[in-house]
Structure formats: C-alpha cells, structure tokens
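Participant: Sequence and predicted model, in that order:
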Amino acid sequence: MNNNNKRPFDGELCQPLDPDATYGVVCTKQFPREGITLSLRPLSLTADDTLVRAFAILEMPERKELAEVLYRTKKEELGLLTISDLGQSFIGFIDDQPAFLVSIYRMQQNNLGRYYSSLPGDYRIHLERLSLVGGRDAETFALAIWQACPAWFFSFPEVKRLITTLDIERPLEKQYCRAAGFRPLARTGGGPDWEELYVLSGQELKVEG
C-alpha cells in the first residue's frame, strides 16, 4: 500500500482528525498460516465514500430501497465520530483489498457503559466486515481480524480493556470473538433485541501471547 503523500497518524486514540484527509497505514500484520497481510488506516470520508455506502447497506441488506438513507446516516455518524474525541474509525485491508471497518470508542462517554460497571481504560470496539474480499468469502479472514485489531489497540497505553457487543443471533461471530480471547461480560436490552457484551483485557492478551 503506497503511503506517499499521505498524512501520518500519531498520538493517542480518539483524537479529532480531518474527515477528508487520507492518512497512511498505521498497522500491518502478517498471518503466514492464512497467507495474508492485514493493514489498517484511519477512515477518509472522501477517499472511502464507496466503502461507507457498502457498509451502510450491510446494516439492512434486505431493505435496498433504504440504501440512500442508510448511506447518508452512516456517513454523518462516521463524520461526527472522526472530528470528535469520543472515538475513531479505521478501514481494514486484506492484501490491500478493503475488507472491514473497525471503530473504537471511549467507553465512559458511550451509552453502552450503562450496562456494566465500566472502568478507566475501557474502550468499545465495533467490527463490520464486507461479505467478499477480492472475490473470497470474508468469513475466511474473520479470526485474523478479531486478533489483529485488539492487538494494535492494546499498543496504546490508555487502552486497558476492550468491550464489544454481539448479536445473540450470530453464533459464528461469537466463535471468532471467543477464539480471539474475549469473554462474556453482560447483556443489553431485552427480548429479541438482546446483545451480549464481551470483554478482553490487555493484560490477559499479553499473558496469553
């Protein structure tokens, strides 16, 4: 991936960024067994407009007539997140092919914190994966994504624990999450809208590594 003329990213997570700037790669990790290279860079609303639309449609794939509304809403949400200090979004690549969107939020300023006893250093991680990556089923790379993103976020000293929410109707995603070291923490909502919270401690990751 060519980083020439791209703005460098440095400092702490969740810092306000220029939503239209294109930043360079911040993380690269090789997975020899899978034969892939994973990389991350901060989201650019200008350069990644087509991808933002694709991720928006994934939220309600059965309602294609709402595609434009979903896209505008998604772009506004990501734009507000980018210029704030509440969170940050990154585009992920597999072998230089766009593959996923990962967002991280300061938990103590996030509504999810009301469902459990949040601690200083808690951050929320939210992953969205495209269905296909370079013509290959994206499920093939799911575990690598769940492993690489937390490992990079924990390289920031302010990040002590990562919290994620998973739909109880998506057992396969829970399988990847647990394989990466996350453990059950709590539940949100009720009835059919229940989600499960999972937690991963940076200290536990270091011990296991």
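Facilitator: Nice, I can see it. Numbering: from 1, shown residues only.
Participant: Name the next helix or strand following the lengthiest helix in the chain along the chain.
Facilitator: What stands out as the longest helix in the chain, according to DSSP state H, is helix 67-83. Later in the chain than helix 67-83, the nearest helix or strand by DSSP states H and E is strand 87-94.
Participant: Sheet partners, orientation included, of that following strand?
Facilitator: If you go by DSSP bridges, strand 87-94 pairs up with strand 36-42 (antiparallel), strand 97-106 (antiparallel).
Participant: could I get the shortest one in PDB with only the CA atoms?
Facilitator: Okay, so that is strand 36-42. Output of strand 36-42 as PDB, limited to C-alpha atoms (Å, rounded to 0.1, in the frame of the first residue of the first chain):
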ATOM      1  CA  ILE A  36      -2.500 -12.900   4.100                       C
ATOM      2  CA  THR A  37      -1.400  -9.400   5.200                       C
ATOM      3  CA  LEU A  38      -3.800  -7.300   7.200                       C
ATOM      4  CA  SER A  39      -3.400  -3.500   7.400                       C
ATOM      5  CA  LEU A  40      -5.300  -0.500   8.900                       C
ATOM      6  CA  ARG A  41      -5.500   3.200   8.200                       C
ATOM      7  CA  PRO A  42      -7.800   5.900   9.500                       C
END
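Participant: relative to helix 67-83, how tilted is that strand?
Facilitator: Interaxial angle of strand 36-42 relative to helix 67-83 (axes from the mean of the first three to the mean of the last three C-alpha atoms, to 10 degrees): 70 degrees.
Participant: Buried residues in strand 36-42, which are they?
Facilitator: By 16 or more other C-beta atoms under 10 Å, the buried positions in strand 36-42 come out as 36, 37, 38, 39, 40, 41, 42. Backbone N, C-alpha and C define where each C-beta goes, glycine included.
Participant: Is it possible to get the strands paired with strand 87-94 out as CSV so that each row also shows distance to residue 53?
Facilitator: Compiled in CSV, the strands paired with strand 87-94 are given as follows (distance: least, C-beta to C-beta, whole Å):
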stretch, distance to residue 53
strand 36-42, 18
strand 97-106, 12
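Participant: what pairs with the helix or strand where residue 199 lies, and is each one parallel or antiparallel?
Facilitator: Counting by DSSP H and E, the element that carries residue 199 is strand 195-201. Paired neighbours of strand 195-201 in the sheet (DSSP bridges): strand 161-167 (antiparallel), strand 183-188 (antiparallel).
Participant: for those, which one ends up most surrounded?
Facilitator: Comparing those by mean neighbour count (mean count of other C-beta atoms under 10 Å), strand 161-167 ranks first with a mean of 20.
Participant: Could you measure from residue 42 over to residue 33?
Facilitator: Per C-beta to C-beta, to the nearest Å, residue 42 is found 28 Å from residue 33.
Participant: I should have written residue 79 there, sorry.
Facilitator: Taking C-beta to C-beta, one finds residue 79 at 37 Å from residue 33.
Participant: cool, and residue 199?
Facilitator: From residue 199 to residue 33 the distance is 27 Å (C-beta to C-beta).
Participant: Then residue 152?
Facilitator: Residue 152 is 19 Å from residue 33, where distance means C-beta to C-beta.
Participant: Neighbour count for those two, which is higher?
Facilitator: Between residue 152 and residue 33, counting by other C-beta atoms under 10 Å, residue 152 is the more crowded of the two (19 against 7).
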